[in-house]
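Enquirer: one predicted model, sequence on top.
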Amino acid sequence: MMGLIGVFLSGVSFALGLGLSGMTHPEKVIAFLDVTGAWDPSLALVMGGALATYAGLFRVIGRRPRPLCADRFCIPARTDIDARLLVGAGLFGVGWGLGGFCPGPAIVALTSGNPAVFAFVASMLVGMILFELVGTRRSVPAPLPPTAAAQPGGDG
């Protein structure tokens, strides 16, 4: 039960941060991406703050024998760049630029009641379902087994 409360509080904290930073407003995101027009660099500060927090806490948390709410750390071991990654990143970037939403902020923005947000989230869900349907038909290489270097606090 405590694990669920922690997850819930983390989600609320994340949602509040997204709302306070303006990440739930597509106009602000699009203004950040418009580097040749009315560029708004404020989201760079949001991203920088998130990266600084992550970088600092990753090493500290990685020294723990296990996470607080899980049996083990789940750190991806794959480091290769393949066509699926590039196409997925490209689609994400195009969607972000056209819609002004990332998945997390879009879900938080559902509370606004804006029909455009509902359309974005519905389209995102359809895309996820299509990926699962198509992706499971293709031969996807099995994930690499975790290594000590891929774990927090490892030598990697």
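Expert: Arrived safely. Numbers count the residues shown, from 1 in each chain.

Enquirer: all the strands of the chain, residue numbers only.
Expert: Taking DSSP state E, the chain contains no strands at all.

Enquirer: can you list the weak-confidence ranges in it?
Expert: 1-2, 136-156 (pLDDT under 70).

Enquirer: swap in 80 and give it another go.
Expert: Within the chain, the ranges that satisfy pLDDT under 80 run 1-3, 68-70, 135-156.

Enquirer: tell me where it has helices.
Expert: Taking DSSP state H, the helices of the chain run over residues 2-21, 26-33, 42-62, 83-99, 103-109, 115-135.

Enquirer: excluding its backbone neighbours, what's nearest Arg66?
Expert: If the residues on either side of it in the chain are set aside, Arg66 comes closest to Arg72, at 5.8 Å by C-beta to C-beta, 6 or more residues apart in numbering. (C-beta placed from N, C-alpha, C; glycine too.)

Enquirer: can you get me a residue count around that neighbour?
Expert: 10 (other C-beta atoms under 10 Å).

Enquirer: buried set for stretch 49-57?
Expert: Neighbour counts using 16 or more other C-beta atoms under 10 Å place no residue of stretch 49-57 among the buried ones.

Enquirer: need the contact list for Phe32.
Expert: For Phe32, the contact set (C-beta atoms under 8 Å, 6 or more residues apart in numbering) comprises Trp39, Asp40, Pro41, Ser42, Leu43, Ala44.

Enquirer: how close does the first one sit to Val12?
Expert: When C-beta to C-beta, to the nearest Å is the yardstick, Trp39 and Val12 sit 31 Å from each other.

Enquirer: centroid-wise, who is the farthest residue in the chain?
Expert: Residue farthest from the centre of the chain, counting by C-alpha atoms, centre = their mean, is Gly37 at 26.6 Å.

Enquirer: related to what we said a few turns ago, out of the helices of the chain, deepest packed?
Expert: helix 103-109 (a mean of 20; mean count of other C-beta atoms under 10 Å).

Enquirer: run through the neighbouring helices and strands of it.
Expert: If contacts are counted by 3 or more C-beta pairs under 8 Å, 6 or more residues apart in numbering; DSSP states H and E, helix 103-109 sits against helix 2-21, helix 115-135.
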